[in-house]
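Colleague: for reference, the sequence and a predicted model appear below.
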Protein chains: 2
Amino acid sequence: MIEQLRSSYGGVFENELINEILQVGTYKEVPEGFKLMEIGAYVKGMPLLVSGAIKVLRDDKNGNELLLYYLEQGDTCSMTMTCCMGQTKSEIRAIAETDTKLIMVPVQKMELWTSKYKSWRNFVFESYHNRVNELLHTIDSIAFDNMDERLLSYLQKKAEINSSYTINSTHQEIAYDLHSSRVVISRLLKKLENLGKVELHRNYIKIMKL
Amino acid sequence: MIEQLRSSYGGVFENELINEILQVGTYKEVPEGFKLMEIGAYVKGMPLLVSGAIKVLRDDKNGNELLLYYLEQGDTCSMTMTCCMGQTKSEIRAIAETDTKLIMVPVQKMELWTSKYKSWRNFVFESYHNRVNELLHTIDSIAFDNMDERLLSYLQKKAEINSSYTINSTHQEIAYDLHSSRVVISRLLKKLENLGKVELHRNYIKIMKL
DNA sequence: TTTTATTGGTAACCTAAGTTACACAAACTT
DNA sequence: AAGTTTGTGTAACTTAGGTTACCAATAAAA
């Protein structure tokens, strides 16, 4: 756990804080698909991502999802923090996108760290700021872009997150993330294939041009 | 300024902090329509709202707007803070929705206050948290609701902000806020009128039922 | 008063995207 | 091997909402 923490957060946190995290934090490895947070659940701790990626989703009233953004190495779920302080429930669902390594920090310590460590304060503020900016870009894409543009940037982001030009998703899964329907996604993917931008296969998609 | 600050923030900030704010803050009254922040601009200070309301907007690539949320009494633009720390540009535009009274706090002091005052830390964290939640609800409405539902909740929110059942907007102005077109808004408003939910007039709309 | 600009109503049309339905192939069960 | 499930392609249709165009009413300017 020491190496993990140092390599991902050594440049961010001072040594004393690193030591405190080592004492109270618990190291976790979760497999792809693991549900880390459910809507309406109370929050128990704050995750510090060491490796892998977590996708953060929102539900509509019918239980259909919409992908908001991904958390990656060095990120945290900043909302967690004020959730704990205010004892409010989670507004989002979080699922491991890939196999993921993270350190869970219990809530109790965090208020103390906030007054004690400047690096912790900056980390939390910056995290909030990043999340707000990601939400703004999510809004841009939903409000201003057509489905084909959204689909393309979804595929690109997914390729980036998985560091691979091969995306192992079915059309149905993509439709869930984009809050669309399978037929629409198949249609647009076929259009992208005709444009030479992707290559379609059963259960996976190859991205040709970025 | 003392009374303004005490009545809006007396319960939130400790006395010592209130005094500090009085020393470095500047009191401002801005009229309806006043532009407080432009996209791409650098941020000079953090606003503490005393009364009135500010609407926060986002632009698409063609310069068309979309209303994100309103700031009201007791709110602040939390993004301002990390904008200043990181020297990044504003991602949003802010316009006074009504005549508004506010206190501008220069950025320099804020980092100090963050370590010195617990109430300030909590205020900033809570502000971020509220903003994230508002953005989530904005996303809900854009991604999950039809235009008629969005229009109705827009009118309701606007009535609430202006504390009046009479909304002084043209159809075109509403269309801008909802990132739609005038014809569509007129069409849907007429439908709402036929349902007995609103009464249409030139330059204003009366809300009948909430 | 006559002209001009602003605002709202409505029709006709177009397009993106959601829906239903069905065919077919690959990949599993048994 | 036969049946079943899962994933994909495609056609036909529907609908929300964007676009263009034009008219009428009101308000402001000349």
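Modeller: Thanks, I have the structure now.
Colleague: okay, strands next: where are they in chain A?
Modeller: Under the criterion DSSP state E, strands of chain A are mapped to A:26-30, A:35-37, A:45-51, A:54-59, A:65-71, A:93-96, A:100-106, A:166-167, A:198-201, A:204-207.
Colleague: now what about the first one, what contacts it?
Modeller: The contact list for strand A:26-30, computed with C-beta atoms under 8 Å, 6 or more residues apart in numbering or on different chains, reads A:M1, A:Q4, A:L36, A:A96, A:D99, A:T100, A:K101, A:L102, A:I103, A:M104. Yep, even glycine has a C-beta here, placed from its N, CA and C like the rest.
Colleague: confidence score at A:S78?
Modeller: With respect to pLDDT, A:S78 scores 80.
Colleague: give me the distance between the nearest residue to it once chain neighbours are set aside and B:L71.
Modeller: Of all residues not flanking A:S78 in the chain, A:S127 sits nearest, at 3.9 Å (C-beta to C-beta, 6 or more residues apart in numbering or on different chains). A:S127 sits at a distance of 22 Å from B:L71 (criterion: C-beta to C-beta, to the nearest Å).
Colleague: now do A:D145
Modeller: Taking C-beta to C-beta, one finds A:D145 at 27 Å from B:L71.
Colleague: of those two, who's got more company?
Modeller: B:L71 (27 against 15; other C-beta atoms under 10 Å in any protein chain shown).
Colleague: ok, so of the contacts of strand A:26-30, who is nearest A:L17?
Modeller: Checking the contacts of strand A:26-30 against A:L17 by C-beta to C-beta gives A:I103 as the nearest, at 12.4 Å.
Colleague: bridged to the closest one, which residues?
Modeller: Beta bridges link A:I103 to A:Y27, A:L48, judged by DSSP bridges.
Colleague: is it true that it touches A:G25?
Modeller: Yes. The criterion here is C-beta atoms under 8 Å, and A:I103 meets it with A:G25 at 4.4 Å.
Colleague: how many neighbours does the nearest residue to A:K206 once chain neighbours are set aside have?
Modeller: In space, A:K206 comes closest to A:E199 once its chain neighbours are excluded; the distance is 4.1 Å by C-beta to C-beta, 6+ apart. By the criterion of other C-beta under 10 Å, A:E199 has 14 neighbours.
Colleague: spit out the contact partners of A:E199.
Modeller: A:E193, A:I205, A:K206, A:M208.
Colleague: am I right that the second one is in contact with A:L155?
Modeller: Right, the one you point to is A:I205. Yes. Counting by C-beta under 8 Å, A:L155 is a contact partner of A:I205 at 6.8 Å.
Colleague: joint contacts of these two?
Modeller: Shared contacts of A:I205 and A:L155, counting by C-beta under 8 Å, 6+ apart, come down to A:I167, A:V198.
Colleague: chain B contacts on chain A?
Modeller: A:58, A:60-61, A:66, A:68, A:78-79, A:81-83, A:85-86, A:91-92, A:114-115, A:118, A:121-122, A:124-126, A:128-129, A:131-133, A:135-136, A:138-140, A:142-144, A:179 (C-beta under 8 Å from any C-beta of the partner chain).
Colleague: show the buried residues in those.
Modeller: Neighbour-count burial (16 or more other C-beta atoms under 10 Å in any protein chain shown) is assigned, among these, to A:58, A:66, A:68, A:78-79, A:81-83, A:85, A:91-92, A:114, A:121-122, A:124-126, A:128-129, A:131-132, A:135-136, A:138-140, A:142-144, A:179.
Colleague: that older thread, let's see if you can find the most crowded of the contacts of A:E199.
Modeller: Neighbour-wise, the contacts of A:E199 (other C-beta under 10 Å) top out at A:I205, 23 neighbours.
Colleague: for A:L135, list the residues it contacts.
Modeller: A:L68, A:Y69, B:V132, B:L135, B:L136, B:I139.
Colleague: er, A:V184 I mean
Modeller: Contacts of A:V184 by C-beta under 8 Å, 6+ apart are A:M147, A:A175.
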